[in-house]
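Asks: Pasting the sequence and the predicted coordinates here, then a few questions.
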Amino acid sequence: MRTIGVIGGMSWESSLVYYQLINRGIRDRLGPLYSARLLLDSLDFSEIATLQRTGEWPQAGELLAASACRLQAGGADCIVLATNTMHKVADAITAATSLPFLHIADAVGAAIAEAGMNRVLLLGTAFTMEQDFYRKRLESRFNIHCLTPSAERRPQVHRIIYDELCAGIVNETSRTTLQETIAEGVAQGATGVILGCTELMLLIHADNCPVPLFDTTALHATMAVDFALADQRS
């Protein structure tokens, strides 16, 4: 089994889910006593969030690149960045090590393409929704067009993520806000929804969404399990 290296802590709420999903995936495929070979380098999100707010992305990239180097030195066979937004600095990470980098947008793009869709609503932080690093990869690699919420809705989604979900707060009013945002996207032609922030699955899931849901956390974790077991023989 290959060793998965995870850059986590952004936030630790979603890193916890990554750990659970990866280990469940290994167990389900190999048997009840199996668990993942996994290294986790958990960063202090407050430092990263400050760099996000001030637009100091190169410095944030340096912190994540250093994390990837620590994972490689520890024996990891790949790098998994357990957050959507910080894939903005993916190039800094891939340049820092020789390890395969499992890009979260590739996991979700493959799932959307397999479902036969090409027009979906993207929910996430303001950085993910408004900048093109995520949407452009989906469009160029998978021919997927991402709709984003209205200018009025985007700050609401961003606030829910940072002020509530990253702190482990699950608010029913916020769930309603996200459901209303999704309904607006569907009315504009979205046939599916990307949970483009790894915390959003705390509020939105298949039974409260009117269209197919693409949970980036779950899809990314499955990609990591696939990599870990790629050399296994049935």
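Replies: The structure has been received and is ready for your questions.
Asks: CA atoms only: put stretch 197-216 into CSV for me.
Replies: What follows is stretch 197-216, C-alpha atoms only, in CSV (Å, rounded to 0.1, in the frame of the first residue of the first chain):
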residue,chain,number,x,y,z
CYS,A,197,-15.3,23.9,-0.2
THR,A,198,-14.4,20.9,1.9
GLU,A,199,-16.6,22.1,4.8
LEU,A,200,-19.8,22.5,2.8
MET,A,201,-20.7,18.9,3.2
LEU,A,202,-21.5,19.7,6.9
LEU,A,203,-24.6,21.5,5.6
ILE,A,204,-25.5,20.2,2.2
HIS,A,205,-25.9,16.5,1.2
ALA,A,206,-27.7,14.4,-1.3
ASP,A,207,-31.0,14.3,0.6
ASN,A,208,-31.4,18.1,0.8
CYS,A,209,-30.2,19.0,-2.7
PRO,A,210,-32.6,18.9,-5.7
VAL,A,211,-29.9,18.0,-8.2
PRO,A,212,-26.9,15.7,-8.2
LEU,A,213,-24.2,16.8,-5.7
PHE,A,214,-20.5,16.5,-6.2
ASP,A,215,-18.8,16.5,-2.8
THR,A,216,-15.2,17.4,-3.4
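Asks: Quick check: end-to-end length of stretch 158-173?
Replies: End-to-end distance of stretch 158-173 (Cα to Cα, to the nearest Å): 15 Å.
Asks: Looking at it now, give me its mean pLDDT.
Replies: Stretch 158-173 carries an average pLDDT of 92.
Asks: do stretch 191-198 as well
Replies: Rounded mean pLDDT across stretch 191-198 is 92.
Asks: gap between the two ends of that stretch?
Replies: Across stretch 191-198, the terminal residues are separated by 20 Å (Cα to Cα).
Asks: which other residues reach it?
Replies: If you take Cβ atoms under 8 Å, 6 or more residues apart in numbering as the criterion, stretch 191-198 is touched by 14, 17-18, 82-85, 108, 112, 115, 117, 119-125, 128-129, 134, 146, 161, 165, 182, 185, 201, 204, 209, 211-217, 220. Heads up, the C-betas are built off the backbone N, CA and C, glycines and all.
Asks: in that stretch, what counts as buried?
Replies: 191-198 (16 or more other Cβ atoms under 10 Å).
Asks: returning to that earlier point: give me the subset of the contacts of stretch 191-198 lying in helices.
Replies: Using DSSP state H, the members of the contacts of stretch 191-198 that fall within helices are 14, 17-18, 108, 112, 128-129, 182, 185, 216-217, 220.
Asks: So which elements touch the helix or strand hosting residue 140?
Replies: Per DSSP states H and E: residue 140 is located in helix 135-142. Applying 3 or more Cβ pairs under 8 Å, 6 or more residues apart in numbering; DSSP states H and E, one finds that helix 135-142 contacts helix 104-114, strand 145-147.
Asks: would you list these in CSV and tack on mean neighbour count?
Replies: Putting the helices and strands packed on helix 135-142 into CSV (neighbours: other Cβ atoms under 10 Å) gives the following:
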stretch, mean neighbour count
helix 104-114, 20
strand 145-147, 19
